[in-house]
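Engineer: Fold the stuff below for me.
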Amino acid sequence: MGEHDVGRRGIFLGFCLFGVFSACASTDDDLGANGTGGPKIDLCAGISEGMGCEGAVAVDCSDPSQRVDCGALGKSCHAGVGCVTCTPGTGTCQNGKATVCRPDGAGYLDYDCDATQGMQCSPNGCTGACSWGALGSSYLGCDYYPTVTLNNGVWGGFDFAAVVSNVGKLPAHVVLTRGNDSVKELVLPPGELDTIRLPWVKELKGPDPNFMGQPQAPGQTTRVEAGAYRIRSDQPIAAYQFNPLDYQIDPRPSDCPAPAEGDGCFSYSNDASLLLPAHMLRDRYTVSTWPTLGCKPSFFTVTATHDDTEVQLAARGGIAPGGGFDTTGQGYAKLNRGDVVQVIAMPSGGPFCFDNVGSDISGTVVKATKPVQVIAGHGCANVPAPETQACDHVEEVMFPDETLGKEYVVAAPAPPSGPNPDAQETLRILAVEANTVISFDPSTVHDPVTLSPSDPPLELRYLRDNVRIKGSKPIIVTQFMQGTDANADEGVAGDPAQSQAIPTGQYRNEYTFLAPENYDSSWVDVTSKLGDSVWVDDQLVTGDSPIGQSGWGVAHVKLGGGSVHHAKGAKPFGIVVYGYGDWTSYMYPGGLNLGTINPPVK
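Structural biologist: Numbering: from 1, shown residues only. This is a model prediction of the structure:
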């Protein structure tokens, strides 16, 4: 399997044609690169996901027998979405207040035509590289909300951080705030990144571990006004958050509480998350993470991006009450822009915090009156079993329900020493619609199974096989790196991390992504159709391993020097990025489109 050094190059977003149907939904505004042509979003090329149009008739790409006459409903058909009441990306602007048609075409969203983001209000709508109508349906954008999440396994002497990367060809003016307070301003040259160390929001991080390095009881669900940071740019960027940034401080501070290992102070509890831009956030999500163990609970944080946002839950599992919710999730939280409610699963084990398996909040549905960001994770997860050492903070941004897919291709991460047939991972699979039939290739992974939202997640532990997973309806697949005891290496590198698997219908032709240099090794797993050519940092990826009879393959590519990396291909492919330090790891999707690929057929 290929290992290649890294380089740098610009970014291009290719288009798709949907068979005999119309071209994919996008606009033709500038993406901050020189010239025009803008974000042509590849929702479907060669992949059977999403909706196509034959005149005014919407056709389900995965089942062409499913057809809806949009005209008969008083609607029009828009490629990639289906029946719409307005054309996605179009809008109006007056006195700095803009509207834009939602990505699903179901109506209009209100937003500020923000001069900080280089926007200009005109009679034809809000314009500029960062206007919501100009930005494509992907992980690239101009407005992000880094949010501290529960990490009661790490000492507060380590830093939370946000990292931003300029993906275009023009300098980006970046402003970071918290509430009304300015935190940092910078000009980011094209192709460069900046790492912004940030103070913890203690109400969200939770308590530090005790003098033995053991996590302490996390407290209740809580609502924090202006709990999130906000990053705005006048050119499109990619953004990530690290919780915490470093896995080691050397020399060791005198007040580092964890047991000494050599001369360093180790965090033992890291993960990171891709952030989604505000213009791609939605109002409905399904939570997926790891179940509570003792005083090490699962959680999810909801961050408002608009004032007067009401959040309600259809909860699974017990919740530590607070923030407007009782133990069953009944109630609501009223949030303004930048406010956060962090929902904590009910801990177990009483005052001594034994390692009893507790509440599993996976499957909880978050419903909001306006778009929100949802990040789910765990304070310190033992994966895949309670006895697996050691626990680690895990987190990942949740994808909006309407962006979920029916097909996922998942590979076990390469261990720290490199690709290994004994490499393992753990998967959790959830259904978001009733009577969803799920199948696996190779079929030896698991027999076909039917799941509904009321069912617990299907959990596949110690999984060595790379696998294609298909659902008859949209599903969620969450990937977990396992503890050091179960990662196929003899050393101490690695521990649990969480990443959302990417629907194949959201794969892209090109990515700009980050792999931090402060970890001992970083990798990108490239998933593509066998025979398709993919380049990582101008090096052709080789050594694809076939995945069953699916026609998909995966290659593990070790990343070399530099933090900003690029991948490109003639056809859509997916990437997952991960890395290792002593007793810790990180993992996140390297990027994705966020099209409405599986809207309900009405």
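Engineer: Which stretches in the stretch 451-600 of the chain count as strands?
Structural biologist: Secondary structure of the stretch 451-600 of the chain (DSSP state E, counting those that start in this stretch): strands at 458-463, 467-481, 497-500, 508-514, 521-529, 534-536, 539-540, 545-546, 552-558, 564-581, 584-589.
Engineer: Any chance of JSON lines for those strands, columns mean neighbour count?
Structural biologist: No exception for glycine: its C-beta is placed from N, CA and C like everyone else's. Formatted as JSON lines, the strands of the stretch 451-600 of the chain follow (neighbours: other C-beta atoms under 10 Å):
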{"stretch": "strand 458-463", "mean neighbour count": "17"}
{"stretch": "strand 467-481", "mean neighbour count": "24"}
{"stretch": "strand 497-500", "mean neighbour count": "28"}
{"stretch": "strand 508-514", "mean neighbour count": "24"}
{"stretch": "strand 521-529", "mean neighbour count": "24"}
{"stretch": "strand 534-536", "mean neighbour count": "23"}
{"stretch": "strand 539-540", "mean neighbour count": "14"}
{"stretch": "strand 545-546", "mean neighbour count": "14"}
{"stretch": "strand 552-558", "mean neighbour count": "24"}
{"stretch": "strand 564-581", "mean neighbour count": "24"}
{"stretch": "strand 584-589", "mean neighbour count": "27"}
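Engineer: Take the ones you listed and lay them out in a markdown table including distance to Lys202 and mean pLDDT.
Structural biologist: Converted to a markdown table, the strands of the stretch 451-600 of the chain look like this (distance: least, C-beta to C-beta, whole Å; pLDDT from 0 to 100):
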| stretch | distance to Lys202 | mean pLDDT |
| --- | --- | --- |
| strand 458-463 | 33 | 96 |
| strand 467-481 | 27 | 97 |
| strand 497-500 | 23 | 96 |
| strand 508-514 | 27 | 95 |
| strand 521-529 | 30 | 96 |
| strand 534-536 | 39 | 98 |
| strand 539-540 | 44 | 96 |
| strand 545-546 | 45 | 96 |
| strand 552-558 | 37 | 97 |
| strand 564-581 | 24 | 95 |
| strand 584-589 | 22 | 94 |
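Engineer: can you redo those as JSON lines with distance to Asn124?
Structural biologist: Written out in JSON lines, the entries for the strands of the stretch 451-600 of the chain read as follows (distance: least, C-beta to C-beta, whole Å):
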{"stretch": "strand 458-463", "distance to Asn124": "49"}
{"stretch": "strand 467-481", "distance to Asn124": "35"}
{"stretch": "strand 497-500", "distance to Asn124": "37"}
{"stretch": "strand 508-514", "distance to Asn124": "29"}
{"stretch": "strand 521-529", "distance to Asn124": "40"}
{"stretch": "strand 534-536", "distance to Asn124": "39"}
{"stretch": "strand 539-540", "distance to Asn124": "44"}
{"stretch": "strand 545-546", "distance to Asn124": "50"}
{"stretch": "strand 552-558", "distance to Asn124": "43"}
{"stretch": "strand 564-581", "distance to Asn124": "32"}
{"stretch": "strand 584-589", "distance to Asn124": "35"}
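Engineer: Cross-check the contact I'm expecting between Thr289 and Gly379.
Structural biologist: No. Thr289 is beyond contact range of Gly379, at 10.5 Å (criterion: C-beta atoms under 8 Å).
Engineer: Those two: who's more crowded?
Structural biologist: Gly379 (35 against 28; other C-beta atoms under 10 Å).
Engineer: list the buried ones in stretch 224-238?
Structural biologist: By neighbour count on 16 or more other C-beta atoms under 10 Å, the buried set for stretch 224-238 is 224, 226-238.
Engineer: between the residues you listed, which is closest to Ala134?
Structural biologist: Taking C-beta to C-beta as the measure, Pro236 is the one of these closest to Ala134, at 9.0 Å.
Engineer: what ranges of the protein fall below the confidence cut-off?
Structural biologist: Across the chain, the stretches falling below the confidence threshold (pLDDT under 70) are 1-48, 258-263, 349-355, 486, 488-492, 599-602.
Engineer: Please write out the alpha-carbon positions of the helix or strand where Ala376 lies in PDB.
Structural biologist: Secondary structure assignment for Ala376, by DSSP states H and E: strand 365-381. Listed next in PDB are the C-alpha coordinates belonging to strand 365-381 (Å, rounded to 0.1, in the frame of the first residue of the first chain):
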ATOM      1  CA  VAL A 365     -32.800  13.300  17.400                       C
ATOM      2  CA  VAL A 366     -31.900  17.000  17.700                       C
ATOM      3  CA  LYS A 367     -34.600  19.300  16.200                       C
ATOM      4  CA  ALA A 368     -34.200  23.000  16.100                       C
ATOM      5  CA  THR A 369     -36.200  25.900  14.700                       C
ATOM      6  CA  LYS A 370     -33.100  27.300  12.900                       C
ATOM      7  CA  PRO A 371     -29.900  25.800  11.700                       C
ATOM      8  CA  VAL A 372     -27.500  24.500  14.500                       C
ATOM      9  CA  GLN A 373     -24.200  22.700  14.800                       C
ATOM     10  CA  VAL A 374     -24.100  19.400  16.600                       C
ATOM     11  CA  ILE A 375     -20.900  17.700  17.800                       C
ATOM     12  CA  ALA A 376     -21.200  14.400  19.600                       C
ATOM     13  CA  GLY A 377     -18.600  12.400  21.500                       C
ATOM     14  CA  HIS A 378     -17.400  11.000  24.800                       C
ATOM     15  CA  GLY A 379     -15.500  12.300  27.800                       C
ATOM     16  CA  CYS A 380     -13.100   9.400  27.900                       C
ATOM     17  CA  ALA A 381     -14.200   6.300  25.900                       C
END
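Engineer: That one: what's the following helix or strand?
Structural biologist: Assigned by DSSP H and E, the successor of strand 365-381 is strand 392-397.
Engineer: Neighbouring strands of that following strand in the sheet, and parallel or not?
Structural biologist: Strand 392-397 has the following strand partners under DSSP bridges: strand 365-381 (antiparallel).
Engineer: Next, the buried residues of the strand it pairs with.
Structural biologist: By neighbour count, with 16+ other C-beta under 10 Å as the criterion, the buried positions of strand 365-381 are 365-366, 368-381.
Engineer: Out of the strands of the stretch 451-600 of the chain, which gets nearest to Pro419?
Structural biologist: The minimum distance between Pro419 and the strands of the stretch 451-600 of the chain falls on strand 552-558, with 4.9 Å, by C-beta to C-beta.
Engineer: Next, the angle strand 564-581 makes with that closest one.
Structural biologist: Strand 552-558 runs at 80 degrees relative to strand 564-581, counting by axes from the mean of the first three to the mean of the last three C-alpha atoms, to 10 degrees.
Engineer: Use 12 as the first number from now on
Structural biologist: That works, and once the first residue is 12, the last one we named lands at strand 563-569.
Engineer: In terms of secondary structure, what does strand 563-569 contact?
Structural biologist: Under the contact criterion of 3 or more C-beta pairs under 8 Å, 6 or more residues apart in numbering; DSSP states H and E, strand 563-569 touches strand 532-540, strand 556-557.
Engineer: picking that back up, please flag which of the buried residues of stretch 235-249 sit within strands.
Structural biologist: 235, 241-249 (DSSP state E).
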